[in-house]
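A.B. asks: pasted the sequence and its predicted model underneath.
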Amino acid sequence: NKYKSLRGNLGMEISVAKGEIIKGKPVADEMSENLIKEVNELSKEGIIPKLAILRVGAKANDLAYERGALKKCETIGIETQVVELDENVTQDEYIEVLKGLNTDSNINGILTFRPLPKHIDEEVIKHVIAPEKDVDCFNPLNTAKVMEGDKTGFPPCTPTAVVEILKHYNVPLKGANVVVLGRSMVVGKPVSMLLLGENATVTICHSKTKDLPKVCADADVLVAGVGRARMVTADYIKEGAVVIDVGINAKPEGGGICGDVCKGIDVFGKNISYAEALSGVWGGGIGWEKFLGKSMDKIKMVVYNRG
C-alpha cells in the first residue's frame, strides 16, 4: 500500500511506500535528461554553457565535491574551468580573480568554494561575485530573492534539493504542516522560504524552541537541518511522517559521519518515508541539477533576447 497518512487532509497520494528510503537518483536523472536537451538546443545557437569553479587550496572534501561537479557538467554538456589559488593568496588577489570571472563573457556561472581561509573576509567577497553568475546563493541579492520568493535568483543547492525531491514523489505540500529544524542561512531559512512558496504551512524550530520534540512530532513533513548528530529521536517524529535528514555530522564516537536523525527501530517503526544527505541526494545530485538548470535559464534569456 502507498503511504496515505496525508491523503485524508490534503487529497493526494504520494508515490513512495510506507517505510521507504527515498532515493534522489531518479529525480536527478530526470532533471539531467531535460538539461541535456536544453544544452543541445543552445548548441544550435553556437552557445556552450560554461561553469567556473574558484577554489583556494586543495582540501580533500573540496576536491571530492569538485570531481562530482566536473562529472555532472561533462554528462550534461556544460564546459568547466577550474581556478585553483594558493592557500596563501591575499584577499585582494582573490577579488581580482573573481572580478575577472565576473567580466568573462564565456563564463555563465561561478561556484566559489567555502569556507574561505580566515584571512579572506566572506562578508566582503559575497558582495563582489556577480549575482547573475552566483550559482550557490552567496551574493546577498540572491539571498534576498529567495526570501521574497523571486524565482530569478539562485537558491542554495541543499534547500533546492529538499523541495525537488518532495515534489518528485508527490509529497503534498499545499497546506501541509512542515517543520524545519534549524535556522541557518545555509539550509533552515532558505528551505523554509522555498516551502512557503509551495504553500506549505512552515514552522521554523531551533534549540531554544519550547517543547521542541512535541512541535516536531506534529509535522507531516520534518526537515532536520540543525547540525547536531542524532539529535532527532523517535519522540520528534509523527507516525507516517516524511523525514528529510539534511545533517552531515561527525559521529560522536568517531570514525565517520552521521545525520541529525537517530536511525533505529524506534524511528523506522513509525513507518516514515526517509531521505538523507549522506546518501548523496543533495549537492552531488539534485542540487547540482537545479543550479545548472538556473544557469541555463539565465543563458537562454541572453540568447533569445539579444537583438
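C.D. replies: Here it is on my side, so go on.
A.B. asks: phi and psi next, for the nearest residue to K133 once chain neighbours are set aside.
C.D. replies: Residue nearest to K133 in three dimensions, not counting chain neighbours: I110, with 4.6 Å by C-beta to C-beta, 6 or more residues apart in numbering. The way it works is simple: take the backbone N, C-alpha and C, and place the C-beta from them, glycine included. Note on I110: backbone dihedrals following degrees, to the nearest 10 are phi -130, psi 130.
A.B. asks: tell me which residues touch I110, please.
C.D. replies: Taking C-beta atoms under 8 Å, 6 or more residues apart in numbering as the definition of contact, the neighbours of I110 are 51-52, 54, 98, 101-102, 129-130, 133-135.
A.B. asks: give the bridge partners for it, please.
C.D. replies: According to DSSP bridges, A52, D134 are recorded as the beta-bridge partners of I110.
A.B. asks: do you know how far it is from T152?
C.D. replies: Distance check for I110 against T152: by C-beta to C-beta, to the nearest Å, it reads 17 Å.
A.B. asks: one more: N88?
C.D. replies: Here the criterion is C-beta to C-beta. By it, N88 lies 37 Å from T152.
A.B. asks: and if you look at C73?
C.D. replies: 22 Å.
A.B. asks: these two: which has the busier surroundings?
C.D. replies: When neighbours are counted by other C-beta atoms under 10 Å, C73 comes out ahead of the other of C73 and T152, with 21 against 12.
A.B. asks: okay, now the nearest residue to that one once chain neighbours are set aside: neighbour count?
C.D. replies: Once its chain neighbours are removed from consideration, C73 has its nearest residue in T80; the separation is 4.9 Å (C-beta to C-beta, 6+ apart). When neighbours are defined as other C-beta under 10 Å, T80 has 18 of them.
A.B. asks: same question for A58.
C.D. replies: When counting by other C-beta under 10 Å, one arrives at 11 neighbours for A58.
A.B. asks: so it sits in a helix?
C.D. replies: No: for A58, which was evaluated using DSSP: H, G, I helix; E, B strand; the rest coil, the result is coil, with no helix membership.
A.B. asks: quick one, phi psi at it?
C.D. replies: For A58, the backbone dihedrals (degrees, to the nearest 10) come out as phi -140, psi 60.
A.B. asks: buried stuff in the helix or strand where S192 lies?
C.D. replies: With secondary structure defined by DSSP states H and E, S192 is part of helix 188-196. Under the neighbour-count criterion of 16 or more other C-beta atoms under 10 Å, helix 188-196 has 188-195 buried.
A.B. asks: got it, and stretch 109-124?
C.D. replies: Of the residues in stretch 109-124, those with enough neighbours to count as buried (16+ other C-beta under 10 Å) are 109-113, 116, 120.
A.B. asks: would you map the strands across this structure?
C.D. replies: Defined through DSSP state E, the strands belonging to the chain, from first to last, are 50-56, 79-85, 109-112, 177-181, 201-205, 221-224, 242-245, 249-250, 257-258, 273-276.
A.B. asks: quickly run through the sheet partners of the fifth one, with directions.
C.D. replies: Right, the one you point to is strand 201-205. Note on strand 201-205: by DSSP bridges, its sheet partners are strand 177-181 (parallel).
A.B. asks: so what touches the partner strand?
C.D. replies: The set of residues that contact strand 177-181 without belonging to it, under C-beta under 8 Å, 6+ apart, is 188, 191-192, 195, 200-206, 212, 215-216, 218-226, 232, 236, 260.
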